[in-house]
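Participant: the following comprises the amino acid sequence and a computationally predicted model.
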Amino acid sequence: MSEKLQRLQAALQAALGAHVQSLDCRLGEVTLTVRAADYLSVCQRLRDDAELGFEQLMDLCGVDYSGYKDGAHEGPRFAVVLHLLSVAHNWRLRVVTFCPQDEQPLVASVNEVWSAANWFEREAFDLYGILFEGHNDLRRLLTDYGFIGHPFRKDFPVTGHVEMRYDAEQKRVIYQPVTIETREITPRIIREEPYGGLH
């Protein structure tokens, strides 16, 4: 591990203390895991502490851990992952927090800490169904307003729930249940003799 990453880990331990659930350094990247209850206060500290200075949120995304590594993951199903940048110190940090409940995944919004979180949180809500408490405009961003479900969840059907098509009689787009019939296709293999010059 480089001296810079050692300094970052030491600064994180000093600033956050008991709020650190785990601190991991792999492949030249530091990952900080915190409890959902501490998530908002930790993010504020990461931004405001002069020794850390993570003034930029580069990315925020949701993760569905169901079926992760063939069931090797034990714990909550959904997580929120942040990627932060400190321009002043020239270092990056990944922050992970797990949603305590699988049925209604909920964490605090960090939109007041980094305004860039606005659309990222809307995307995570739209695609994973993760709710961000305190977000002032949490609505779908990428899917249609009438869309049913959250398409990045691993239990979401590949065909979806509804399909849309243009109805010439009504002269508008209509929604209807999916009419795709599942079928198994077994490819027919034709081998030429001799194949590839082999006898």
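Facilitator: Cool, the structure landed.
Participant: wait, a helix at residue 11?
Facilitator: Yes - Residue 11 forms part of a helix when assessed by DSSP: H, G, I helix; E, B strand; the rest coil.
Participant: neighbours around it, how many?
Facilitator: Close neighbours of residue 11, defined as other Cβ atoms under 10 Å, add up to 18. No exception for glycine: its C-beta is placed from N, CA and C like everyone else's.
Participant: over to residue 108?
Facilitator: For residue 108, the neighbour count with other Cβ under 10 Å is 20.
Participant: next: the one 3 residues further on.
Facilitator: Residue 111: 22 surrounding residues under other Cβ under 10 Å.
Participant: okay, it: pLDDT?
Facilitator: In this model, residue 111 is scored at 96, pLDDT.
Participant: that one against residue 122, yeah?
Facilitator: No - using Cβ atoms under 8 Å, residue 111 is not in contact with residue 122, being 9.7 Å away.
Participant: between those two, which contacts overlap?
Facilitator: The contact sets of residue 111 and residue 122 overlap at residue 135 (Cβ atoms under 8 Å, 6 or more residues apart in numbering).
Participant: spatially central residue in the chain, please.
Facilitator: Geometric centre of the chain, nearest residue: residue 62, 1.8 Å, by Cα atoms, centre = their mean.
Participant: which elements pack onto the strand or helix carrying that residue?
Facilitator: Counting by DSSP states H and E, the element that carries residue 62 is strand 56-64. For strand 56-64, the packing partners by 3 or more Cβ pairs under 8 Å, 6 or more residues apart in numbering; DSSP states H and E come out as strand 78-86, helix 117-128.
Participant: what about the last one, average pLDDT?
Facilitator: Over the span of helix 117-128, the pLDDT mean works out to 97.
Participant: what's residue 48 sitting at in phi/psi?
Facilitator: Backbone torsions for residue 48, taken as degrees, to the nearest 10, come to phi -90, psi -20.
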